[in-house]
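1. Sequence and computational prediction follow.
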Amino acid sequence: AVAAVVSGGMICGVALLVLVVVLPHADLLRGAAGVGSPKHLAAVALANTVVVVAGYLAAAALVWAIADATMAQPRDLEQFDERPEGGRTWRIAHLSDVHVVGERYGFRLESGRSGPRGNERLSRLLAELETLHASDPLDAIVVSGDMTDAGRSSEWAEFLDAVLRHPRLAERMLIIPGNHDLNIVDRANPARLDLPTSPNKRLRKLRVLSAMGVVQGERVRMVDRARRCLGATLASILAPHLKEMATFADIGRPWRPKRLTELWTSVFPMVLPPDSDHGLGIVLLDSNADTHFSFTNALGMISLDQARGLEIACAQYPHACWVVVLHHHVVEYPRPAKALSERVGTALINGNWFVRRLKPLAGRAVLMHGHRHIDWIGECGGIPILSAPSPVMEATDDAATYFYIHTLAVGPDRRLRLLPRSEERR
């Protein structure tokens, strides 16, 4: 909280200093007719721009600092809950950031030659999950984004082939898009700019929709905003568009497919409804910001429309508990960062706002995410936050990685409890 106030105050102070220095050279009231030569006009226009931007930055920095300082601060989870008497439990395997590549011995963009090659590690992971499920059944397998390394069709084919070889796992799996599935521009040239007019971004979205249709299309339902309730399944929503999706994937036409763009925004959040009024539901969000450049591809944001959709789903089952799944972390962890890149441009842009929106679900919800490739279990605003380590990245093929199976329980008091976790190494 102190750091937020200090940093916000410093930014506000610098912006105000710039405003005071430039303001005498600005002229915000008179139009171009009141300015002399073109050279003078350019100087006044530049000064006006600086004044407006500095004023906005000063006000925004102050408001942001106050908002960040007054919200509940994230903290490490001190202890797990005890199993309630007579309560119901769910076992959920939480995977994330498997970064499937399309080549048998391919490297990943982030780790390069210091990371794993190919997809053998994912195959071993799924085989281990199959064994664990046979001995103690899983209720759900959540993959919180970055199924692929660059959103290419060959990578999606590899991912789906691996998953569908385990039908008992596939029927329990739920996936959401990560920034590598949507926003990576070019695996061969990651610094390339993806123009808004390019069909590539829409192609990546269609691949994600197609994969989600295969994995969970018959089980998850969309939110009907007009009727304020859960509506049709993803499969039925996609069915009328399949021909157009296939045509666009083949030829990249039409140039601006309005209906396909609207389709993407309409399917989130996806909801796996609870099996009873007092059961456990799962809400799947798209937390990716709409970017077109590699340096901003990791930005995340939850739209107001998605937040309202989540609230509609939860209101339909007022006594149920919820798992909210997104790719990006909502808050920075209360631990030192190894590099500045871990602190800049990776968390949700509007994470503080989203945590406040989740406050009515305190005691009835947990939040699961990936993106950082490391595990952390903490709490913010009464909402437990579970970060998934990557079972593939951050290690060469000869080193062990791990994933977690979380056990959630609901007792007679209808409070959602997080029981001691089970860690599996691969």
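-> Good, I have the coordinates.
2. Show me the helices in the stretch 51-200 of the chain, by range?
-> Secondary structure of the stretch 51-200 of the chain (DSSP state H, counting those that start in this stretch): helices located at 120-135, 153-164, 167-170, 179-182, 200-216.
3. Out of these, which gets nearest to residue 270?
-> Distance to residue 270, taken as CB to CB, is lowest for helix 200-216 among these, at 7.4 Å. Just so you know, the C-beta spots here come from the backbone N, C-alpha and C atoms, and that holds for glycine as well.
4. Residue ranges in the stretch 151-300 of the chain under the pLDDT threshold?
-> 185, 187, 190-191, 252-257 (pLDDT under 70).
5. quick revisit: ranking the helices of the stretch 51-200 of the chain by mean neighbour count, which comes first?
-> Mean neighbour count (mean count of other CB atoms under 10 Å) peaks for helix 179-182 among the helices of the stretch 51-200 of the chain, with a mean of 26.
6. what's the distance between it and the middle of its chain?
-> Helix 179-182 sits 10 Å away from the centroid of its parent chain (CA atoms, centre = their mean, to the nearest Å).
7. Alpha carbons of it, in CSV - could you do that?
-> Below are the C-alpha coordinates for helix 179-182, written out as CSV (Å, rounded to 0.1, in the frame of the first residue of the first chain):
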residue,chain,number,x,y,z
ASN,A,179,-1.6,-14.9,-24.9
HIS,A,180,0.6,-17.4,-26.9
ASP,A,181,-2.6,-18.9,-28.4
LEU,A,182,-3.9,-15.5,-29.5
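8. by contact count, what packs against that helix?
-> helix 200-216 (3 or more CB pairs under 8 Å, 6 or more residues apart in numbering; DSSP states H and E).
9. For the helix it packs on, which outside residues touch it?
-> 147, 151, 153, 156, 159-160, 163-164, 170, 173-175, 177, 181-183, 185, 194, 220, 234-235, 238, 245, 248-249, 252, 257, 260-261, 263-264, 267, 270, 272, 292 (CB atoms under 8 Å, 6 or more residues apart in numbering).
10. Packing partners of the following helix or strand past that helix?
-> Sequence order places strand 221-224 as the next helix or strand after helix 200-216, per DSSP states H and E. For strand 221-224, the packing partners by 3+ CB pairs under 8 Å, 6+ apart come out as strand 229-233, helix 234-238, strand 270-272, helix 304-316.
11. If we go by neighbour counts, what in strand 221-224 is buried?
-> Neighbour counts over strand 221-224 (16 or more other CB atoms under 10 Å) mark 221, 222, 223 as buried.
12. Hmm, residue 235 and the second one touching each other?
-> No. Between residue 222 and residue 235 there is no contact, the gap being 10.5 Å when judged by CB atoms under 8 Å.
13. Find the residues that touch each one of these two.
-> Common neighbours of residue 222 and residue 235 (CB under 8 Å, 6+ apart) do not exist.
14. can you put the helices and strands packed on strand 221-224 in CSV and add mean neighbour count and distance to residue 125?
-> Listed next are the helices and strands packed on strand 221-224 as CSV, based on neighbours: other CB atoms under 10 Å; distance: least, CB to CB, whole Å:
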stretch, mean neighbour count, distance to residue 125
strand 229-233, 15, 28
helix 234-238, 18, 25
strand 270-272, 25, 22
helix 304-316, 18, 29
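15. Adding distance to residue 62, write those out as a markdown table.
-> Listed next are the helices and strands packed on strand 221-224 as a markdown table, based on distance: least, CB to CB, whole Å:
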| stretch | distance to residue 62 |
| --- | --- |
| strand 229-233 | 40 |
| helix 234-238 | 43 |
| strand 270-272 | 37 |
| helix 304-316 | 23 |
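16. and residue 384, which of those is closest to it?
-> Of the helices and strands packed on strand 221-224, the one closest to residue 384 (CB to CB) turns out to be helix 304-316, at 16.2 Å.
17. what packs against the next helix or strand after that closest one?
-> Going down the chain from helix 304-316, the next helix or strand is strand 321-325, by DSSP H and E. The contact analysis (3+ CB pairs under 8 Å, 6+ apart) places strand 321-325 against strand 140-143, strand 280-284, strand 365-369, strand 402-410.
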